[in-house]
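Novice: okay, structure incoming, though there's no sequence with it:
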């Protein structure tokens, strides 16, 4: 896949205008009591209203269990209401802001991205679960919400324990936690039983490489070389585990980043195009229109005129 001509152009030096982008935050758990960590659980019971501006944390996946209370989540520019008991599932790089109403009781489970990939590789449904942000309600079953909360409490206790096998215990409880979410969530049927564990792992490696290099205008052969697999293997794995072509997966990641910059940032369309590795703004505009159905400037105008547009929740 190529964005345009091989020669890349950078924004002119000294160009005026803001270059605001989505904040990438470093979470407080980066300096926990234990030097090495892969899962962290925190319990928040702040009194009063609590609000965070849109941000992303690329090194972590996050699960927020709202035990009681309600609020609104700014999710990739759309407003999504939630009410406890429910789980907010926030994949890595997901742009989100949270506006909790008064006295919301919530548990926050933060999972380091490389460990999350290992856990996800064990079950295709885990990958499907984390493929997009979700609001998973427990309001139809009070017992399910209580059981989920108790499981998080147990996970926190195991993480903080120094007992023999506490790492294995943490892994087992986290796996059970995600499995309960899978069973509470209506997932699209993708990949199915035909996806082998090797296919799933290969696609996860590919997704990680896309995240690292999607701005660099790499071709599929470049990705294949970095992964030491043939294009035939890569295409077959993507078809099996993701039901998408490798090129479509790269395009989707570029479009996601473009949308974020258009909604939350102040860069011009030309600056966004150059930042995403396109040789010129005109080609970027054609690419975006083909993928989204609107020109970048039109998409930005509509998104900013309707900041409270609703997004579907599960």
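Specialist: Received the coordinates, thanks. None of these values were measured; they are calculated from a predicted model. Residues are numbered from 1 along each chain as shown.
Novice: what about residue 302, distance to residue 285?
Specialist: 15 Å (C-beta to C-beta, to the nearest Å). For every residue, glycine as well, the C-beta is placed using N, CA and C.
Novice: looking at those two, which has the bigger crowd around it?
Specialist: Using other C-beta atoms under 10 Å as the criterion, residue 302 and residue 285 rank with residue 285 on top: 18 against 12.
Novice: give the other helices and strands that the helix or strand that contains that one contacts.
Specialist: Taking DSSP states H and E as the criterion, residue 285 maps to helix 281-292. When contacts are defined as 3 or more C-beta pairs under 8 Å, 6 or more residues apart in numbering; DSSP states H and E, helix 281-292 packs onto helix 246-264, helix 269-275, helix 296-305.
Novice: which parts of the first one are buried?
Specialist: Translated: helix 246-264. By neighbour count with 16 or more other C-beta atoms under 10 Å, helix 246-264 contains the buried residues 246, 249-251, 253-255, 257-264.
Novice: how near is residue 105 to residue 196?
Specialist: 41 Å.
Novice: pLDDT weak spots in the stretch 151-300 of the chain?
Specialist: 187-195 (pLDDT under 70).
Novice: please enumerate the helices of the protein.
Specialist: Assigned helices in the chain, in chain order: 113-120, 124-129, 142-159, 166-184, 197-213, 220-227, 231-241, 246-264, 269-275, 281-292, 296-305 (criterion: DSSP state H).
Novice: which stretch among these comes nearest residue 44?
Specialist: Closest to residue 44 of the helices of the chain is helix 142-159 (C-beta to C-beta; 12.3 Å).
Novice: what's the domain layout of this structure?
Specialist: Under automatic domain parsing, the residue ranges defining each domain of the chain are 32-184, 196-305.
Novice: now do the first one: distance to the chain's middle.
Specialist: If I follow you right, that is domain 32-184. 13 Å (C-alpha atoms, centre = their mean, to the nearest Å).
Novice: and if you look at the last one?
Specialist: The offset between the C-alpha centroid of domain 196-305 and the centroid of the whole chain comes to 14 Å, using C-alpha atoms, centre = their mean.
Novice: and it, how far apart are its ends?
Specialist: 45 Å (C-alpha to C-alpha, to the nearest Å).
Novice: what's the answer for stretch 129-148, then?
Specialist: Note: stretch 129-148 ends 16 Å apart using C-alpha to C-alpha.
Novice: coming back round to it: quick one: which of residue 105 and residue 196 has more around it?
Specialist: The residue with more neighbours, out of residue 105 and residue 196, is residue 105; 17 against 14, by other C-beta under 10 Å.
Novice: residues contacting the nearest residue to residue 71 once chain neighbours are set aside?
Specialist: Leaving aside its chain neighbours, residue 71 sits nearest to residue 100 (4.1 Å; criterion: C-beta to C-beta, 6 or more residues apart in numbering). The contact partners of residue 100, taken as C-beta atoms under 8 Å, 6 or more residues apart in numbering, are 46, 49-51, 69, 71, 106.
Novice: now swap in residue 122 and tell me
Specialist: Here residue 122 is in contact with 175, 197 (criterion: C-beta under 8 Å, 6+ apart).
Novice: centroid-nearest residue for the chain?
Specialist: Centroid-nearest residue in the chain: residue 91, 2.9 Å away (criterion: C-alpha atoms, centre = their mean).
Novice: excluding chain neighbours, what is closest to it?
Specialist: residue 130 (4.9 Å).
Novice: same thing with residue 111?
Specialist: In space, residue 111 is closest to residue 61, 4.7 Å off (C-beta to C-beta, 6+ apart).
Novice: wait, that neighbour sits on residue 115?
Specialist: No - assessed by C-beta atoms under 8 Å, residue 61 is found out of contact with residue 115, at 9.2 Å.
Novice: those two - which one has more neighbours?
Specialist: residue 61 (22 against 17).
Novice: against residue 233, how distant is the closest residue to residue 270 other than its chain neighbours?
Specialist: Using C-beta to C-beta, 6+ apart and skipping the chain neighbours, the partner closest in space to residue 270 is residue 281 (4.2 Å). Between residue 281 and residue 233 the computed distance is 36 Å (C-beta to C-beta).
Novice: do residue 143 as well
Specialist: For residue 143, the distance to residue 233 - C-beta to C-beta - is 45 Å.
Novice: more neighbours: which of these two?
Specialist: residue 233 (15 against 8).
Novice: so who does the more buried one touch?
Specialist: Per C-beta under 8 Å, 6+ apart, neighbours of residue 233: 202, 224.
Novice: now residue 152: how far from residue 247?
Specialist: Counting by C-beta to C-beta, the gap from residue 152 to residue 247 is 39 Å.
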